[in-house]
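# Could you look at this predicted model? Sequence included:
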Amino acid sequence: MLLLWSFDFAEIEAYQAEGDWAAATQAMVAAAQALERGGAEMLLICTNTMHKMADDVQAAVSVPLLHIADVTADALLKAGRRKPLLLATAYTMEQEFYTGRLKARGLDVMIPAAPDRACVHGVIYDELCKGIVEPASRAQWNAIVDRAAAAGADSVIFGCTEVGLLLEPEELPLPCFDTTEIHAVAALDRALA
């Protein structure tokens, strides 16, 4: 059985923009508890940024939560990659809840410079979340990846579920790790084990 809880993203985005992570956590915990009551045997948070409250969600339920950063780290390490560029929302790139977890697994995570982080964050919220895919934004992001490759990055983490809407792995100079795909495959593998 698969249970799915879908939030109204406008509500979640408002919590994020206001910095009201307590309200976001409360909503996530309530959803996780409802899913557990419904019979869920494993939980996934199907977004990278909302893993900010993963520890609180895990503490509120008895079933395991499969953390997207953990399975992404596993995939990178298995492929022999140690210095990935993380492309994600500013929250995910700049806060320790995600990068710290990757670093704890032995990865030397790179994030873009501040102007590039602002570009990536803006494209995610102002374009991709609205279904807009602009060639000019693709060119900007490709340039960000090129700069990271020149600075020593050995891979790219698509650290937001929308990144794959814009970037084409075959156009990039580095191997790409799509967290959405990695997370889904890892969940399926665990569910079938």
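Looks like it came in fine.
# can you pull out the strands in this structure?
Applying DSSP state E to the chain gives strands spanning 43-44, 65-66, 84-87, 155-158, 176-178.
# could I get these as TSV with mean neighbour count?
C-beta coordinates here come from the backbone N, C-alpha and C atoms, glycine included. TSV is the format used below for the strands of the chain (neighbours: other CB atoms under 10 Å):
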stretch	mean neighbour count
strand 43-44	20
strand 65-66	18
strand 84-87	28
strand 155-158	26
strand 176-178	20
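# Those strands into JSON lines, with extra columns for distance to Ala191 and mean pLDDT?
Conversion of the strands of the chain to JSON lines gives the following (distance: least, CB to CB, whole Å; pLDDT from 0 to 100):
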{"stretch": "strand 43-44", "distance to Ala191": "10", "mean pLDDT": "96"}
{"stretch": "strand 65-66", "distance to Ala191": "9", "mean pLDDT": "97"}
{"stretch": "strand 84-87", "distance to Ala191": "26", "mean pLDDT": "98"}
{"stretch": "strand 155-158", "distance to Ala191": "23", "mean pLDDT": "98"}
{"stretch": "strand 176-178", "distance to Ala191": "19", "mean pLDDT": "98"}
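# Quick check: which of those strands is nearest to Leu165?
Counting by CB to CB, Leu165 lies closest to strand 155-158 out of the strands of the chain; the figure is 9.7 Å.
# Direction included, what does the closest one pair against?
Taking DSSP bridges as the criterion, strand 155-158 pairs within the sheet with strand 84-87 (parallel), strand 176-178 (parallel).
# Noted, bye for now.
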